[in-house]
Every structure is written in structure tokens, then in C-alpha cells.
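Participant: return atomic coordinates for the entry below.
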Amino acid sequence: MTDIINYINNDIKAINIKESVSDVQHFFSELTFSHFPVVEEEVYIGSIESEDIISFDSSKNLADYRYSLDGFFARNNMIWLEVLEVFAKNNTNLVPVLDETNKYIGYYEINDIMRFFNDTPFLKEKGEIIIVKKRTLDFSISQIAQIIESNNGQILGLFISDSDVDFSQITIKMSLGVVNEIIQSLRRYDYEIISEHNEDNYINTLKERSDYLDKYLNI
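Facilitator: Here you go, the predicted model:
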């Protein structure tokens, strides 16, 4: 799998803080970036947002609006999940990249990061997705893994897809293993199964009983 740093772009130069607002407005009118990095003497000082630049006085320089710059960035040694977190927290489609000495070296675009994600086994490999729910204080990632692996399942990926103070929802993708046995084992450890599965004998039994009851009541 390609290393994420290979997705760093530098084909468009960062905006200089001395640029006129009108030039920056024109820049954004031709592109679809939500933000773009700004530098001063080759040093990254923040990113300007496209929605902000529209309201600025076009007769001024960007330096007059230094206070409006957003300071988010990614390091070039971050793993892709950390980079994705920067995108999500800042509601942006572009993230500047700095090296360990804080030197600006380019930027990531969200489409490239999603393509990288698409190449991970979690999405690329075929498998079964199970979504479970349990009290936030009670669930355990290691316990879920142990349950699946003890039933000859192999986990391709696992993440907390929803969470609050009371409950957490965990999405699991796995290959191998008998789905019904894994589901029943999870239930025995008080995990509620959110996803639907044709192999789920418990649900199938409930459905058969419900169908029987409907037929009985309609006699």
C-alpha cells in the first residue's frame, strides 16, 4: 500500500501574506478549496478560509486580516487516521503539511486521503460488517477481538462509529468465521447487535415466531 506522504501536493504555491485580498479572492473563485495555506517569508502562519475572503475589503492586503487565519496543520509523519482527524475537526477539504522543523512542505486534499482509505483492507477486502452497541463504560475492544477470534474470525478493521456518555457503537469488519456463532457470542457478553444479518439464527427464530403468531391471530 502506498505511503500517505506520497499524497502530499505542492503543485500550487502557498499564498503569501502580502498578497492583495482581490488576488486571493480571484484565486478562490477558480478553485474549490475550503482553505488554503498562507506563508510569511516561507513560514506557514495559518490557512485562509474561502468563505472569509469573500467578505474582506478587496482594496486591502491579506496581512490586514492576519487574525482570521486558522492554524491547523498535519505533520508529514502522521498516520492517515490522524490526518483524517485533522480534516474532520476543521471541516476542511485541504490540510497543510509541515515537517518536524515546522517547515511548510505542501498539503493534503481530502479526495486523496479518501482514495488512500479505499485501498485499506477495511474497505478493499471482502468481509462481513457487524455493528454492536454496549454501555460506554462496559465495552472493551480487546474483549470484542477475543470473541471474534475465538470463533475463528479475523478482524479487518474496527472503530467506534458513535459514542456518548451512556452508549458506544462499534463497527467491525471481519473475514472468516461463522457469523451466527460470533453474533450469539457477542450477545452472551451483552453486546446489542445493531446490524442485520441473514445468518442470525436468533433474529430468524423471532421472525418465525412472529409470523406464526400473526397467522394464529388471523385464524
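
Participant: which residue, other than its chain neighbours, is closest to the residue nearest the centre of the chain?
Facilitator: In the chain, the centroid-proximal residue (CA atoms, centre = their mean) is Leu84; its distance is 5.3 Å. Once flanking residues are discounted, Leu84 sits nearest to Ile113: 5.9 Å by CB to CB, 6 or more residues apart in numbering. Using the backbone N, CA and C atoms, a C-beta is placed for each residue, glycine as well.

Participant: any residues touching the helix or strand hosting the one you found, and which ones?
Facilitator: Assessed by DSSP states H and E, Ile113 sits inside helix 110-118. Helix 110-118 has contacts (CB atoms under 8 Å, 6 or more residues apart in numbering) with 2, 4, 7, 9, 80, 83-84, 87, 92-94, 123-124.

Participant: mean confidence for that helix?
Facilitator: The average pLDDT within helix 110-118 is 87.

Participant: swap in stretch 77-95?
Facilitator: pLDDT averaged over stretch 77-95 gives 92.

Participant: output it as CSV, nothing but the C-alphas.
Facilitator: Provided in CSV are the C-alpha atoms of stretch 77-95 (Å, rounded to 0.1, in the frame of the first residue of the first chain):
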residue,chain,number,x,y,z
ASN,A,77,5.0,11.7,9.9
MET,A,78,1.3,11.4,10.9
ILE,A,79,-0.5,8.2,10.0
TRP,A,80,-3.6,8.5,7.8
LEU,A,81,-6.1,8.3,10.6
GLU,A,82,-4.5,11.2,12.4
VAL,A,83,-4.6,13.2,9.1
LEU,A,84,-8.2,12.3,8.6
GLU,A,85,-9.0,13.6,12.1
VAL,A,86,-7.5,17.0,11.3
PHE,A,87,-9.8,17.1,8.2
ALA,A,88,-12.8,16.2,10.3
LYS,A,89,-12.1,18.6,13.2
ASN,A,90,-11.6,21.6,11.0
ASN,A,91,-14.3,21.0,8.4
THR,A,92,-11.9,21.4,5.6
ASN,A,93,-11.0,19.7,2.3
LEU,A,94,-7.4,20.8,2.4
VAL,A,95,-4.8,20.4,5.2
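
Participant: just the helices in the protein please.
Facilitator: Ranges of helices within the chain are 21-29, 50-54, 80-90, 110-118, 121-124, 141-150, 179-188, 201-217, based on DSSP state H.

Participant: turn the contacts of helix 110-118 into a markdown table, columns for distance to His197.
Facilitator: As requested, the contacts of helix 110-118 are arranged in a markdown table below (distance: CB to CB, whole Å):
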| residue | distance to His197 |
| --- | --- |
| Thr2 | 33 |
| Ile4 | 33 |
| Tyr7 | 35 |
| Asn9 | 41 |
| Trp80 | 29 |
| Val83 | 33 |
| Leu84 | 28 |
| Phe87 | 32 |
| Thr92 | 37 |
| Asn93 | 35 |
| Leu94 | 39 |
| Leu123 | 19 |
| Lys124 | 22 |
